[in-house]
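Q: Based on what follows, work out the 3D shape:
(one chain, ligands or ions: 1)
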Amino acid sequence: MRELKGLYSALLGAFHEDGSINEKGLRQIIRHNIDHNKMDGLYVGGSTGENFMLSTDEKKRIFEIAKDEAKNDITLMAQVGSINLKESVELAKFVTDLGYDAISAVTPFYYKFGFEEVRHYYETIVADVDTRMVIYFIPFLTGVNISVEQFAKLFENKKIVGVKFTQGDFYVLERMRRAFPDKLIFAGFDEMLLPATVLGIDGAIGSTYNVNAARARQIYDLARANRIAEALEVQHVTNDLITDILDNGLYGTIKLLLEEQGIEAGCCRAPMKAYTPEMRARAKEIYKKYF
Ligand code: NAY
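A: I've put the predicted structure just below:
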């Protein structure tokens, strides 16, 4: 079984102006993450992939393209979560058959699901697939919180091997590390990679790693070698960059930065907005400033 630890780029979606999948661009982004960024893994179908705006067939096509392009060059984790539980079950089987190394699922969102509903959701997704599940925990977007005690109940299922922890509460992260030394914890906020690494995460999954992989790798390696002051310098520059990216529009700006490197990263999918001339111009400035 392939190692799941390490740094993952959350794979961007690449779309044409009419919203259809830009397969050529998607393949270029995947290769860039493997050959240039030297990522350990790709997280396919997450928020960064604009997944929650796609049809089941489109999600499947992106999973297929990623596997076909990456082959076994990189660890592949597929985000299959959806509030359509039947779709999640179908996607979990689909990616497992394709040979993905692990699956992940966002907590069910929109309705205020209770813990027993959340537990039933994860149990159902993993029931008929022989794979490893990483819970995608992102309470600020889903509105669903899970306590450390509730995580312990979810982790009773041996197929549930870890969590992608996208929360800025380092007390909770420390409690999670303490409570689950054998489970995998992936940090989900790129701007907090250094403190999360100090607390002993097993890896990280980020949107900005598509363009800022070298700095992310430096932060991760320096922090693990206890060279905290040096890691902090790199985190400072990284956070200046992330602040500029967030101000200009997160996923679109990352794609425009890739475009500066000759990658046809394409547009965002509506209802995300189309690029304006100002946004393009600002992305060029950001590129000059940091790369
Ligand atoms: C996903 O599903 O693609 C992720 O969660 C990747 C992690 C990113 N979270 C989101 C919601 O985009 O990289 C982060 C995030 O973009 C970054 O830290 C900037 O805030």
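
Q: all helices of the stretch 101-250 of the chain, in order?
A: With DSSP state H, counting those that start in this stretch as the criterion, the stretch 101-250 of the chain has helices at 115-127, 139-142, 148-154, 170-179, 193-198, 209-224, 228-248, 250-260.

Q: Same question for the fourth one: list its buried residues.
A: Meaning helix 170-179. Of all the residues in helix 170-179, those buried under the rule 16 or more other C-beta atoms under 10 Å are V172, L173, M176, R177. Every C-beta, even on glycine, is put in place using the N, C-alpha and C of the backbone.

Q: and the residues you listed as TSV, adding distance to I65?
A: TSV is the format used below for the buried residues of helix 170-179 (distance: C-beta to C-beta, whole Å):
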residue	distance to I65
V172	36
L173	33
M176	34
R177	35
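
Q: how about the closest residue in space to F113 that isn't next to it in sequence, what does it touch?
A: Residue nearest to F113 in three dimensions, not counting chain neighbours: V144, with 6.1 Å by C-beta to C-beta, 6 or more residues apart in numbering. Neighbour list for V144: T107, P108, F109, K112, F113, V118 [criterion: C-beta atoms under 8 Å, 6 or more residues apart in numbering].

Q: Which positions in the stretch 101-250 of the chain make contact with the ligand?
A: Proximity of the stretch 101-250 of the chain to the ligand (C-beta under 6 Å from any ligand atom) is limited to residues T166, G188, F189, D190, E191, I205, G206, S207, T208, I242, L250.

Q: contacting residues for the fifth one?
A: Looking back up the chat, that one is E191. E191 sits next to Q235, T238, N239, I242 when contact means C-beta under 8 Å, 6+ apart.

Q: Of those residues, which pair is most distant in space?
A: Across the contacts of E191, the longest distance by C-beta to C-beta is 9.8 Å; it joins Q235 and I242.

Q: rewinding a little: so for the contacts of V144, which is the shakiest by pLDDT?
A: In terms of pLDDT, K112 ranks lowest among these, with 88.

Q: thinking it is in contact with G143, fair?
A: Yes. At 6.7 Å, K112 counts as touching G143 under the criterion of C-beta atoms under 8 Å.

Q: Those two: who's more crowded?
A: Taking neighbours as other C-beta atoms under 10 Å, K112 and G143 compare with G143 leading, 13 against 8.

Q: residues in contact with that one?
A: Each residue near G143 by C-beta under 8 Å, 6+ apart is listed here: F109, Y110, K112.
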